[in-house]
Structure formats: C-alpha cells, structure tokens
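K.L.:
got a sequence here, can you build the structure:
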Amino acid sequence: MKRRQAFTVIELLMVIAILALVVGIILPAIAQARATAKSAICLSQMRQIADGFHMLADANGGKLPGIDTDEAWDVLVQDQLGTDETIFVCPADDDAIEASADGYPGLSYGWREWFEVDEDESSLSGKMLASAPPELILVFEDLSERHAEGKINAATVDGAAQVYSLEDFQANMELAVR
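P.N.:
Purely as a prediction, here's the structure:
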C-alpha cells in the first residue's frame, strides 16, 4: 500500500507567506499605476477644456468671458465642446464624482479667474485670448496635491497640460497679460 503524500502545515504556511509577500509587493505598484492613469486623464481633460476656451473665444470675436458673465464658465465651455459635464470632473476628485452621482454639477477645475489674480495685470476676464502669453495658465485643478504632493495639474493658453510645482503654479498666476 502506497502512502499518499500531503502538504504539511509548515509547507502550507510557507506558501501562504510567499503569496502574501508577492501581493504586498504588487498592490502598491497597481495603486501607483491607477494614480498615474487618473492624473493622465485629468491632464487630457484640461487640454480639452483649454481647447473649449479657444472655441469660446473664437465664437466671441477672440474674447474670453468676463467674470460678470451671466452663465458659468464651465457651461459656456461645455456648450462649445458639445460634451457632457463629466469632462469637468477629475477622476481623483471623490467629492466632485459624488456630486455628479447625486445629480449636481461636479466641478474639479477652475479657470484663471477663480484664482484671485490682479484684475489689471494677470486677469483674462473679458480679454482677447490672443493677448495672453502662450505659457500662461488658463485652467487648473481646484485643489492642489490631488495627484502628487506639492504638485498641481494645469493647462496653458497654448493648450499644453502639465504638472506644476506649487511654486511654479503661483509664479505663473502672477504673470501679466499683455
């Protein structure tokens, strides 16, 4: 009679420990990949919003909306883009996602006029888009450090979207419009 070989308790515990170690190594990498993907989607949406501002300016003789406009900036841009409001919700912004799910307009981004810029020098309110330097930040996340500590995603007048340090972001917001 042959004796059947079975795993011992120690062997099973070793297999479980190795699997736990592998999972412990893989899960943070997966979480980091998800965060990177959310940041990339956020940057892509901001590029589209910057394009919407260009279309809005084109439709209004080259001028951007003023801060005293009756319609909210995101509605004006959304009308130009012909998309739904989800483009204004960053995938990493849980509050805006929840607001959207509840039927309220979720909004994760702001345009230059949300930031308290000097009305005369740094404001784009009601100004010609062509008068703005291409590197001037046009649209940005409403909350810094959503994707990385000390960083903020933003798109410029020329439509480029990138990650800025908070210092570079602040310096850009102080740039004068021609």
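K.L.:
could you use CA atoms for every contact and neighbour count after this?
P.N.:
Noted.
K.L.:
so what secondary structure elements neighbour the top helix by length along the chain?
P.N.:
Longest helix in the chain by number of residues (criterion: DSSP state H): helix 9-59. Contacts defined by 3 or more CA pairs under 8 Å, 6 or more residues apart in numbering; DSSP states H and E place helix 9-59 against helix 73-81, strand 137-141, strand 151-156, strand 161-165.
K.L.:
what's the angle from the last one to helix 9-59?
P.N.:
Spelled out, it's strand 161-165. Counting by axes from the mean of the first three to the mean of the last three CA atoms, to 10 degrees, strand 161-165 lies at 110 degrees to helix 9-59.
K.L.:
what is the rounded mean pLDDT of strand 161-165?
P.N.:
Average pLDDT, strand 161-165: 93.
K.L.:
note down every partner strand of it and its orientation.
P.N.:
strand 151-156 (antiparallel) (DSSP bridges).
K.L.:
now do the strand it pairs with and strand 137-141, the angle between them.
P.N.:
Using the same axes, to 10 degrees: strand 151-156 against strand 137-141 is 140 degrees.
K.L.:
just the pLDDT at the one residue sitting closest to the centre of the chain, thanks.
P.N.:
The centroid of the chain falls nearest to C42 when counting by CA atoms, centre = their mean (3.3 Å). C42 is assigned 93 on the pLDDT scale.
K.L.:
ok, it touching C90?
P.N.:
Yes: C42 is within contact range of C90, at 5.4 Å (criterion: CA atoms under 8 Å).
K.L.:
look up how far G159 lies from P91.
P.N.:
20 Å (CA to CA, to the nearest Å).
K.L.:
what about these two, which has more around it?
P.N.:
Shown here are P91 and G159; by other CA atoms under 10 Å, G159 has more neighbours (23 against 18).
K.L.:
what sits up against the helix or strand bottoming out on mean pLDDT in the chain?
P.N.:
Among the helical and strand segments of the chain, the one scoring lowest on mean pLDDT, DSSP states H and E is helix 94-101, with a mean of 78. The list of residues contacting helix 94-101 from outside it, by CA atoms under 8 Å, 6 or more residues apart in numbering, reads 86, 89-91, 105-108.
K.L.:
name the member of the residues you listed with the most neighbours.
P.N.:
Highest neighbour count within these, by other CA under 10 Å: C90, with 25 neighbours.
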